[in-house]
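Peer 1: Quick check, what structure comes out for this input:
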Amino acid sequence: MTSPALYNKPRLFFVSCLALATAGISFSLRGNTAGDLQRVFFDPIDKVHSAEMIANVLGLPFLGFALTIAIGSPLLDYIGMRLLLPLSGLCFSVGMLTIVFANSLASGAEVYNVIWAGALITGVGWGLVETVINPLITALYPGEKTGKLNVLHAWWPGGVVIGGLLGVAMSGLNLGWQAKLAIVALPALAVVFLCMGLKFPPTERAAAGVSTRQMFRELMNPLFFVLFLSMFLTAASELAPGQWVDLALTRTVGMQGILLLVYVSALMFVMRHFAGPLAHTLSPIGILWFSCLFASLGLVALSFAGSPLTGLLAATLWGVGVCYMWPTMLAAASERFPRGGALLMGLMGTAGTLSIRYVLPLMGASYDRAKIEAAGGEAAFQALQPGPELDRVLAIAAQTSFREVAVLPALLLVVFGAIWIYDKSKGGYRPQKIHG
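Peer 2: Presented below is the predicted three-dimensional model:
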């Protein structure tokens, strides 16, 4: 088995964190500019369904992510981390700049297709990041997977905080949405530069001599299938509302919704650094059970929040809930099925992002449906002018979309509770050791 000591672990960990932070910055700024894209491009095309259109665009990076990680993960040992991680930086740059110059590349309704393509390319970049960094960190730190993956994934909310603050600051400087999206190219190209000359290890599975056939055999384990399906719901509970919060809640809570996202992300950044000790106390499955409880309560609370204070309290509850979900799901799969290697971790990521690809448009459709109903019909909504009545209608729509998503983490309380009880009956949670 190849020793992790043979590689520059600090630099590999740093470039992994920077790549994930770039994804977080991109995510945050896409959410921050969603209202501009809707107003400039989609309202003139179809005002009644423009929320669903922007929700589809916001969901496309998740589709690009899912396809990339599903294809790239089983091929990672053949293509190599050294090629795929810098390629992610190029995709982020090209994707965001495509959206920036959409008006120059097309006109009228065709602009939607250009923005669609740019969002998809951005998602490919994000997928390449997750394809590489999760098996990379488990290979470098095989005995500290839950702790190290949570610290690594602290830089997702860290990037969201950076992107959110950049968005607010750039708005204050009267810089347009184009500048906000273009700035993502700076950290993206830094990832490309830092990967030059860096030596990457093989995955944990390849280093242990586990064959590709043995890796695929792990897919047949019923518990992995349960975790795989659960990932659809945990990811949707975290990322779909996170991408929707600025567009939906700004009118509801009386402050910029992006500031709530920045606050929650800062909370997550800090809390993820303490996941290691928490995992030893509760076990990863125990962490996930409490995460689902707080996430469901938080989403319900967000749907009723009507002021900056209640918005902050609800966001805190939701943030505590979703904080550990993504990295702990990955760690649970890797610790229980280490022979599955990058394939199983990649499939977990695919499940998570595919769910968001479909949940976001559902939130958009729910928002559109609720705003028409609150206005008294499609014609009545079309006739509304900017003012208190339009704000009231859109606030009701925002509350409805969050309340419907709150069901997702509530369903998992039963699933994770059953696994937790099963583990306790077998003497407690024990990570599996890999053997060739």
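
Peer 1: Which residues are in contact with Tyr112?
Peer 2: Shown in contact with Tyr112 (C-beta atoms under 8 Å, 6 or more residues apart in numbering): Phe41, Phe42, Ile45, Met53, Val57. In short, each C-beta sits where N, CA and C put it, glycine included.

Peer 1: Type out the ChimeraX command that picks the buried ones from those.
Peer 2: One line in ChimeraX is enough to select the buried ones among the contacts of Tyr112; burial here means 16 or more other C-beta atoms under 10 Å:
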select :41,42,53,57
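
Peer 1: Let me have the contacts of Tyr112 in a markdown table, extended by distance to Ile71, pLDDT and secondary structure.
Peer 2: Below are those laid out as a markdown table (distance: C-beta to C-beta, whole Å; pLDDT from 0 to 100; DSSP: H, G, I helix; E, B strand; the rest coil):
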| residue | distance to Ile71 | pLDDT | secondary structure |
| --- | --- | --- | --- |
| Phe41 | 30 | 78 | helix |
| Phe42 | 30 | 73 | helix |
| Ile45 | 32 | 69 | helix |
| Met53 | 27 | 76 | helix |
| Val57 | 22 | 80 | helix |
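
Peer 1: Widest-spaced pair of the contacts of Tyr112?
Peer 2: Pairwise distances across the contacts of Tyr112 peak at 12.0 Å for Ile45 and Val57 (criterion: C-beta to C-beta).

Peer 1: Just give the nearest non-adjacent residue to Ala106, would you?
Peer 2: The shortest distance from Ala106 to any non-neighbouring residue, by C-beta to C-beta, 6 or more residues apart in numbering, is to Val114 (4.7 Å).

Peer 1: buried residues in stretch 262-276?
Peer 2: Buried positions in stretch 262-276, judged by neighbour count with 16+ other C-beta under 10 Å: Val262, Tyr263, Val264, Ser265, Ala266, Leu267, Met268, Phe269, Met271, Arg272, Ala275, Gly276.

Peer 1: Relative to the whole chain's centre, how far out is that stretch?
Peer 2: 14 Å (C-alpha atoms, centre = their mean, to the nearest Å).

Peer 1: related to what we said a few turns ago, out of the buried residues of stretch 262-276, which are inside helices?
Peer 2: Among the buried residues of stretch 262-276, the ones falling in helices (DSSP state H) are Val262, Tyr263, Val264, Ser265, Ala266, Leu267, Met268, Phe269, Met271, Ala275, Gly276.

Peer 1: Now tabulate those residues in TSV and tack on distance to Leu105.
Peer 2: Formatted as TSV, these follow (distance: C-beta to C-beta, whole Å):
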residue	distance to Leu105
Val262	31
Tyr263	36
Val264	35
Ser265	32
Ala266	36
Leu267	39
Met268	36
Phe269	36
Met271	41
Ala275	43
Gly276	47
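
Peer 1: Serialize those to CSV and add fields for pLDDT and distance to Ser291.
Peer 2: What follows is those, written out as CSV (pLDDT from 0 to 100; distance: C-beta to C-beta, whole Å):
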residue, pLDDT, distance to Ser291
Val262, 78, 21
Tyr263, 81, 18
Val264, 80, 13
Ser265, 81, 16
Ala266, 86, 18
Leu267, 87, 13
Met268, 85, 11
Phe269, 87, 16
Met271, 88, 11
Ala275, 75, 11
Gly276, 72, 16
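
Peer 1: Looking at those residues, which is nearest Ser16?
Peer 2: Phe269 (15.5 Å).

Peer 1: Now do the same contact list for the residue nearest to Ala106.
Peer 2: Taking C-beta under 8 Å, 6+ apart as the test, what Val114 contacts is Thr98, Ile99, Ala102, Leu105, Ala106.

Peer 1: For the helix or strand containing it, which residues meet the burial criterion?
Peer 2: Val114 is part of helix 111-140, with elements assigned from DSSP states H and E. Neighbour-count burial for helix 111-140, counted by 16+ other C-beta under 10 Å, picks out 111-112, 114-140.

Peer 1: most neighbours, which of the contacts of Val114?
Peer 2: Among the contacts of Val114, the one with the most neighbours (other C-beta atoms under 10 Å) is Ile99, at 28 neighbours.

Peer 1: doesn't Ala119 make contact with that residue?
Peer 2: Yes. Contact criterion C-beta atoms under 8 Å: Ile99 and Ala119 qualify, at 6.7 Å.
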